[in-house]
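Chemist: Sequence isn't available, so here's the structure alone:
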């Protein structure tokens, strides 16, 4: 969004929750920056500065408000959907890319020089990549200080700092005091302990409205046996984090029709053998659940079409299901060609069981999905896959393992689509589905999908109508899948998956021609 002063000031006066996370308000008289919903008294207009990112406010010398806690706000939908260099850079920084690869690695990933990257970020955000990365580490640390009883030394490394000394120095520079100054002993009761190997509990803000029920149903229908599990309003899975393999649980908020939206959040519980990389786990979980989607902007576009208007009105908070791991999602998409949704899940479970690492768990997810390098040269026979499908999976794994193909929210959609299309066995439907869920492209549209075509036919329109729904065609696709699935349930009984795809032999999409062999 454009940081027009008058628009931001009106949102600040109204404490408008729709703007939470879109910008931050800095007050020159106090040196503090806040969320636009902060309950503190509105400062004088002359003392206010608006910033598009918390890192920009901190780079300008402001410190985070302890009352509204800016680190707990939803992410800006602008950086969530923009496919340009700045948007991709911000998403990668949020995902911890600079912590692992440095600014030089980030610049190489984006195919620009460090100087150009810094100039671009400073021009658009007011802060360079190092400042933004430091802010993300500090935000993780502030969250751990406020919501856990982890020792401060452990928090330093869990947040991505390379040393306790660096951690203390960053805190002193940003907040004028040590990390312990942000802890309030009176609030210690009920916090979760956080040694390595223990469960760590954090709260993830939801941008409202949020239709978690439909989202979980979609994920449940496609859960990989042994890797993922959905029970009630809880999603659990194994993960690979910087500290090693682990487990996470996401408990979605129960419906609270009469409760204030600000109290709704997703509860994240994560267990890792080492605590480093908590910020990345939080970022991936937000991507998986599409928590930062701008429901208002999406509704404005889709509801303007008289065909989609009733669907959007019925489910205004519908999300595009994302992916915790892009490679895993891509493999799942390839396995889903020409087969039903349950059959694809079964095949993915066999693949994970044969090549994935096992955790010592009982009664829940216990298999870590194999990494690209594990499948690049693997013998995939005996899993029920055709020879052509085995070759496609190995080619996909090799491309990702070699670094020639990126499948995350920092990838360029056009470049990713071109590279995927070069792989034999991956056609238009698979490309669009991967862009939609793994790369997070809000305009990806699998137009050859069988369920979408049936829904459009029943609604009396052609696939070409989707051009009206740009740049939110991925959300339109989810609305059509959901509508068609519920309609099919009422007509056929239990012949539709909870996620909305008919359980026909064709599966979720029309077969890609390149994979038919």
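Modeler: In hand now; what should we look at? Predicted model, so just to flag it, every value in this text is computed and none were measured.

Chemist: can you give me the strands for this protein?
Modeler: 24-27, 32-34, 48-51, 63-64, 199-205, 228-231, 234-241, 244-251, 265-271, 357-358, 367-368 (DSSP state E).

Chemist: Looking at the ones you listed, which is nearest to residue 120?
Modeler: Nearest to residue 120 among the strands of the chain is strand 48-51; the distance by CB to CB comes to 16.6 Å. Backbone N, C-alpha and C define where each C-beta goes, glycine included.

Chemist: closest one to residue 452 among the strands of the chain?
Modeler: strand 228-231 (23.6 Å).

Chemist: Next, the buried residues of the closest one.
Modeler: Across strand 228-231, burial judged by 16 or more other CB atoms under 10 Å covers 228, 229, 230.

Chemist: One more: stretch 453-468?
Modeler: Here stretch 453-468 shows 453, 454, 455, 456, 461, 466 as buried, counting by 16+ other CB under 10 Å.

Chemist: my read: the second one touches residue 481, true?
Modeler: No. Here residue 454 lies out of contact with residue 481, judged by CB atoms under 8 Å, at a distance of 10.0 Å.

Chemist: OK, contacts around the residue lying closest to residue 182 once chain neighbours are set aside?
Modeler: Computed as CB to CB, 6 or more residues apart in numbering, the closest residue to residue 182 that is not its neighbour in sequence is residue 145, at 4.9 Å. For residue 145, the contacting residues are 152, 155, 179, 182, 183, by CB atoms under 8 Å, 6 or more residues apart in numbering.

Chemist: ok, now residue 12?
Modeler: With CB under 8 Å, 6+ apart, residue 12 has these contacts: 25, 36, 42, 48.

Chemist: make it 10 Å
Modeler: The contact partners of residue 12, by CB atoms under 10 Å, 6 or more residues apart in numbering, come to 19, 23, 25, 34-38, 42-43, 45, 48, 50.

Chemist: what's the answer for residue 276, then?
Modeler: Counting by CB under 10 Å, 6+ apart, residue 276 makes contact with 96, 99-100, 154, 157-161, 196, 241-244.

Chemist: can you check residue 242 too?
Modeler: With contacts defined as CB under 10 Å, 6+ apart, residue 242 is in contact with 96, 99-100, 160, 272, 274-281.

Chemist: So what's the residue count around residue 440?
Modeler: As a burial measure, residue 440 scores 25 neighbours (other CB atoms under 10 Å).

Chemist: Assess the claim that residue 179 and residue 137 are in contact.
Modeler: No. The criterion here is CB atoms under 10 Å, and residue 179 misses it with residue 137 at 11.9 Å.

Chemist: burial count for the nearest residue to residue 244 once chain neighbours are set aside?
Modeler: Closest residue to residue 244 apart from its sequence neighbours, by CB to CB, 6+ apart: residue 273 at 4.4 Å. Taking other CB under 10 Å as the criterion, the count of residues near residue 273 is 13.

Chemist: and what of residue 356?
Modeler: Neighbours around residue 356, by other CB under 10 Å: 24.

Chemist: ok, it to residue 168 distance?
Modeler: 39 Å (CB to CB, to the nearest Å).

Chemist: Include neighbour count, pLDDT and distance to residue 65 when you put the contacts of residue 12 into a markdown table, please.
Modeler: A markdown table is the format used below for those (neighbours: other CB atoms under 10 Å; pLDDT from 0 to 100; distance: CB to CB, whole Å):
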| residue | neighbour count | pLDDT | distance to residue 65 |
| --- | --- | --- | --- |
| 19 | 21 | 89 | 16 |
| 23 | 24 | 93 | 14 |
| 25 | 28 | 96 | 9 |
| 34 | 25 | 95 | 4 |
| 35 | 28 | 95 | 7 |
| 36 | 24 | 93 | 11 |
| 37 | 19 | 93 | 11 |
| 38 | 21 | 94 | 6 |
| 42 | 13 | 92 | 13 |
| 43 | 17 | 92 | 12 |
| 45 | 10 | 94 | 18 |
| 48 | 17 | 96 | 13 |
| 50 | 21 | 95 | 14 |
